[in-house]
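Novice: Mind folding the following:
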Amino acid sequence: VQLQASGGGLVQPGGSLRLSCAASGSIFSINDMGWYRQAPGKQRELVATIATGDRITYAASVKGRFTISRDNTENTVYLQMNNLKPEDTAVYYCAANVKKDIFQSASYWGRGTQVTVSS
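Specialist: From the prediction side, this is the model:
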């Protein structure tokens, strides 16, 4: 299973970006999908997750500005980021808990995409 993230880049404060992450490979179904980020010198932290049935969790720091969504037909998770702030600068990683069959599941990480918020 591979997760391919895209959509990062350089944006000014107050701007928007949309991240995408597509899962491919031997997939029976996908449980949770989510986004995490790691800023220089800091630990990786949860940004948002979306579970089956669209149960959603956001970090307090992004609530009201970021929106996570998923397309189950495309095995893709999105992160719409609005009103970006310099403190949102980080490498963003997608993650997914994937079922290869009805018995086995495992968690996978994408490579990460850089988001830089700067004027």
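Novice: is Leu46 in a bridge, and if so with what?
Specialist: In this structure, Leu46 has the following beta-bridge partners (DSSP bridges): Tyr36.
Novice: Contact partners for Gln38?
Specialist: Counting by CB atoms under 8 Å, 6 or more residues apart in numbering, Gln38 touches 44-45, 90-91, 93, 112. (Each C-beta comes from the backbone N, C-alpha and C, glycine too.)
Novice: Let's see that with 6 Å instead.
Specialist: Going by CB atoms under 6 Å, 6 or more residues apart in numbering, Gln38 touches 44, 90-91.
Novice: which among these end up buried?
Specialist: Among the contacts of Gln38, those buried by neighbour count (16 or more other CB atoms under 10 Å) are 90-91.
Novice: Can you tell me the centre-most residue of the chain?
Specialist: Using CA atoms, centre = their mean, the residue of the chain that lies closest to the mean C-alpha position is Trp35, 2.6 Å off.
Novice: burial count for the residue nearest to that one when sequence neighbours are not counted?
Specialist: Nearest-residue entry for Trp35: Val47, 4.3 Å, with adjacent residues in sequence omitted and distances by CB to CB, 6 or more residues apart in numbering. Taking other CB atoms under 10 Å as the neighbour definition, Val47 ends up with a count of 24.
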